[in-house]
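J.: Can you look at this prediction? I've put the sequence above it.
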Amino acid sequence: MAAPTGSATSLARLDAAPTQVPSASNPRRSLGSYGGSDWERHVTRSARRRSDSGMTVLVTGAAGFVGTHVSMALKRRGDGVLGLDNFNLYYEPTLKRNRQKELQKNGVFIVEGDLNDKSLLHKLFDVVAFTHVMHLAAQAGVRYAMQNPSSYIHSNIAGLVNLLEVCKSANPQPSIVWASSSSVYGLNSKVPFSEKDRTDQPASLYAATKKAGEEIAHTYNHIYGLSITGLRFFTVYGPWGRPDMAYFFFTRDILKGKVIKIYETADHGSVARDFTYIDDVVKGCLAALDTAKKSTGSGGKKKGPAQFRIFNLGNTAPVPVSELVNILEKLLKVKAKRLVLPMPRNGDVKFTHANISLAHRELGYRPTTDLETGLKKFVKWYFKYYKEEKKKINAW
Ligand SMILES: NC(=O)c1ccc[n+]([C@@H]2O[C@H](COP(=O)([O-])OP(=O)(O)OC[C@H]3O[C@@H](n4cnc5c(N)ncnc54)[C@H](O)[C@@H]3O)[C@@H](O)[C@H]2O)c1
Ligand SMILES: O=C(O)[C@H]1O[C@H](OP(=O)(O)OP(=O)(O)OC[C@H]2O[C@@H](n3ccc(=O)[nH]c3=O)[C@H](O)[C@@H]2O)[C@H](O)[C@@H](O)[C@@H]1O
């Protein structure tokens, strides 16, 4: 399924290295050269925390759906927050720019750059003593991996390794919390999914890059003493969400009277997801940051091994996609034009279902938002956002 917006050429540019910042091969440049001294002032002011007890967090993917919500929550509670995002064209860049505006209003600056720009990342760590990294930047999306595999390697493998390389050399070393994915459970049939279950049968390249990320993280934890926590999010939805996800483009297409394709299993069974509302996921992210132990450095043996954790962040209430559509019809007051099709071999899995007992025990994680309540908040945002967008276009 092509990403819903952006022409083929613009999407084709996705795997072109972004042009806004010098490539990693360039000599180390002063931070100011990335955008003038003003830029350096924005960086330091954004990263300033309200109290010494707070955190100073680099949020990668800060212009993304989850990144925006996490950055806002951290800033509002007084932490220092600096964003990094390459504003790629995987989906409508205007949505990322509008999220950026919301963050700027709340004092969060986003550095425009790529995970693979080592010189830029080194400079950021030279200027800001980050206590934590919330690593959310990635090529997300399960099905798009069949169209643009290189973007998954660029961001989810090379980008992750580059970030960990910079973190291990930073002084002080930050504690890292990063987004893995429920997709690592792949073709497993045992439900609900627990962190100890096998994760060696991914159904998509995307899932394989997230699984590889977990193994790479373990390596940097073992060798360099980096404290690393992986969070396996389960189909996250909510206001400011992603237009490439079904709940979002189903809403758009139902309102436009377009046919929506609902996948079912070969035996006409339903395909289900453990849809998890963004506010619940954000609480899980902040709890993971708050309970992250300090990195021990490569001399980890003195202080014992560095912390390495993996948690499911789901809703423990899987819902069939057909029921998602029923709820959307009720909220939108429009009947969907449904085309039910056998699930193609496109990387999707039949179901996800999170066992969250470990996150509950260790993080106090307790999701509270059911799908109908969450979708009601999403639909309210959707109408408001696109009404304002339409006004802007008409004003032109
Ligand atoms: N939303 C979900 O349902 C869900 C579920 C499981 C895991 N995740 C993971 O959570 C994280 C955040 O997901 P999201 O839903 O907010 O997606 P998103 O696409 O909205 O956010 C990702 C952001 O990272 C940026 N980015 C991508 N590659 C980059 C690079 N090389 N350098 C710098 N910036 C880069 C993008 O521009 C984007 O703004 C991702 O790692 C994703 O895989 C999301
Ligand atoms: O939980 C996760 O880790 C993943 O959750 C979502 O992936 P997915 O669950 O596939 O979310 P959608 O793309 O919104 O699909 C939701 C459901 O709708 C189904 N679907 C999708 C598209 C469509 O046209 N019709 C349809 O029935 C899919 O098969 C799936 O069962 C995110 O897109 C991934 O980034 C994330 O890693």
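T.: It's in. Remember, predicted model here, so these are calculated numbers, not experimental data. Ligands and ions are numbered 1, 2, ... in the order given.
J.: three-state assignment of the residue of the stretch 1-150 of the chain found nearest ligand 2?
T.: Closest approach between the stretch 1-150 of the chain and ligand 2, counting by C-beta to the nearest ligand atom: residue 140, at 3.6 Å. Where you see a C-beta, it was placed from the backbone N, CA and C, and this is true even at glycine. At residue 140, secondary structure determined by DSSP: H, G, I helix; E, B strand; the rest coil is coil.
J.: Spit out the contact partners of it.
T.: Applying C-beta atoms under 8 Å, 6 or more residues apart in numbering to residue 140 gives the contacts 64, 90, 206, 242, 244.
J.: any idea how far residue 280 is from the closest residue to the third one other than its chain neighbours?
T.: If you skip the residues right next to it in sequence, residue 206 has residue 145 as its closest partner in space, 4.5 Å away by C-beta to C-beta, 6 or more residues apart in numbering. When C-beta to C-beta, to the nearest Å is the yardstick, residue 145 and residue 280 sit 26 Å from each other.
J.: circling back to that earlier point, looks like the residue nearest to residue 206 contacts residue 153 (just checking).
T.: No. Counting by C-beta atoms under 8 Å, residue 145 stays clear of residue 153, with 9.9 Å between them.
J.: and these two? which has more neighbours close in?
T.: Higher neighbour count among residue 145 and residue 153: residue 145, with 22 against 16, using other C-beta atoms under 10 Å.
J.: Got the phi and psi for residue 342?
T.: phi -60, psi 140 (degrees, to the nearest 10).
J.: pLDDT weak spots in the stretch 201-350 of the chain?
T.: In the predicted model, the stretch 201-350 of the chain carries pLDDT under 70 at residues 299-303.
J.: what about the strands in it?
T.: With strands called from DSSP state E, counting those that start in this stretch, the stretch 201-350 of the chain shows them at 228-233, 236-237, 259-264, 272-273, 276-277, 308-313, 319-320, 337-342.
J.: Quick one, which of the ones you listed gets closest to residue 84.
T.: strand 228-233 (17.9 Å; C-beta to C-beta).
J.: Now do that closest one against strand 308-313: the angle between them, please.
T.: Strand 228-233 and strand 308-313 are oriented at 20 degrees to each other (axes from the mean of the first three to the mean of the last three C-alpha atoms, to 10 degrees).
J.: export strand 228-233 as CSV, just CAs?
T.: Presented in CSV, the C-alpha positions along strand 228-233 are these (Å, rounded to 0.1, in the frame of the first residue of the first chain):
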residue,chain,number,x,y,z
ILE,A,228,18.9,0.8,27.3
THR,A,229,15.2,0.2,27.5
GLY,A,230,13.2,-1.0,24.5
LEU,A,231,9.4,-0.4,24.3
ARG,A,232,7.3,-2.6,22.1
PHE,A,233,4.4,-0.2,21.2
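J.: and this protein, which of its residues are near ligand 1?
T.: 61, 63-67, 85-88, 96, 114-115, 136-140, 154-155, 159, 179, 181, 233, 235-236, 242 (C-beta under 6 Å from any ligand atom).
J.: Not counting its neighbours along the chain, what's nearest the residue nearest to the spatial centre of the chain?
T.: In the chain, the residue lying closest to the centroid (C-alpha atoms, centre = their mean) is residue 136, at 4.2 Å. Residue nearest to residue 136 in three dimensions, not counting chain neighbours: residue 61, with 3.6 Å by C-beta to C-beta, 6+ apart.
J.: now swap in residue 159 and tell me
T.: residue 115 (3.2 Å).
J.: all helices for the stretch 201-350 of the chain, in order.
T.: 205-224, 246-256, 278-290, 300-303, 321-332 (DSSP state H, counting those that start in this stretch).
J.: Please name whichever of these is nearest to ligand 2.
T.: helix 246-256 (3.5 Å).
J.: Pull the distance from the closest one to the chain's centre.
T.: Centroid separation for helix 246-256 versus its chain: 21 Å, with C-alpha atoms, centre = their mean, to the nearest Å.
J.: ditto for stretch 187-207
T.: Worked out by C-alpha atoms, centre = their mean, stretch 187-207 lies 19 Å from the chain centre.
J.: still on that earlier bit, correct me if wrong, but the residue nearest to residue 159 is in a helix.
T.: No. Applying three-state DSSP, one finds residue 115 to be coil, outside a helix.
J.: So it sits against residue 160, correct?
T.: Yes. Applying C-beta under 8 Å, one finds residue 115 in contact with residue 160, separated by 7.3 Å.
J.: Quick one: name the residues of the stretch 151-300 of the chain near ligand 2.
T.: Residues of the stretch 151-300 of the chain lying near ligand 2 (C-beta under 6 Å from any ligand atom): 181-183, 233-235, 245-247, 261-263, 271, 273.
J.: so residue 212 makes contact with residue 157?
T.: Yes. Residue 212 is within contact range of residue 157, at 6.1 Å (criterion: C-beta under 8 Å).
J.: tell me how far stretch 144-160 is from the chain's mean position?
T.: 14 Å.
J.: count of residues packed around residue 160?
T.: Neighbours of residue 160 (other C-beta under 10 Å): 23.
J.: Where does it sit: helix, strand or coil?
T.: helix.
J.: one step back: and the residue nearest to the centre of the chain, what does it touch?
T.: Contacts of residue 136 (C-beta under 8 Å, 6+ apart): 59-62, 64, 66-67, 70, 178-179.
J.: Same list (those residues) but as JSON lines, adding neighbour count and secondary structure.
T.: Formatted as JSON lines, the contacts of residue 136 follow (neighbours: other C-beta atoms under 10 Å; DSSP: H, G, I helix; E, B strand; the rest coil):
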{"residue": "59", "neighbour count": "32", "secondary structure": "strand"}
{"residue": "60", "neighbour count": "28", "secondary structure": "strand"}
{"residue": "61", "neighbour count": "28", "secondary structure": "coil"}
{"residue": "62", "neighbour count": "29", "secondary structure": "coil"}
{"residue": "64", "neighbour count": "28", "secondary structure": "coil"}
{"residue": "66", "neighbour count": "25", "secondary structure": "helix"}
{"residue": "67", "neighbour count": "26", "secondary structure": "helix"}
{"residue": "70", "neighbour count": "28", "secondary structure": "helix"}
{"residue": "178", "neighbour count": "25", "secondary structure": "strand"}
{"residue": "179", "neighbour count": "26", "secondary structure": "strand"}
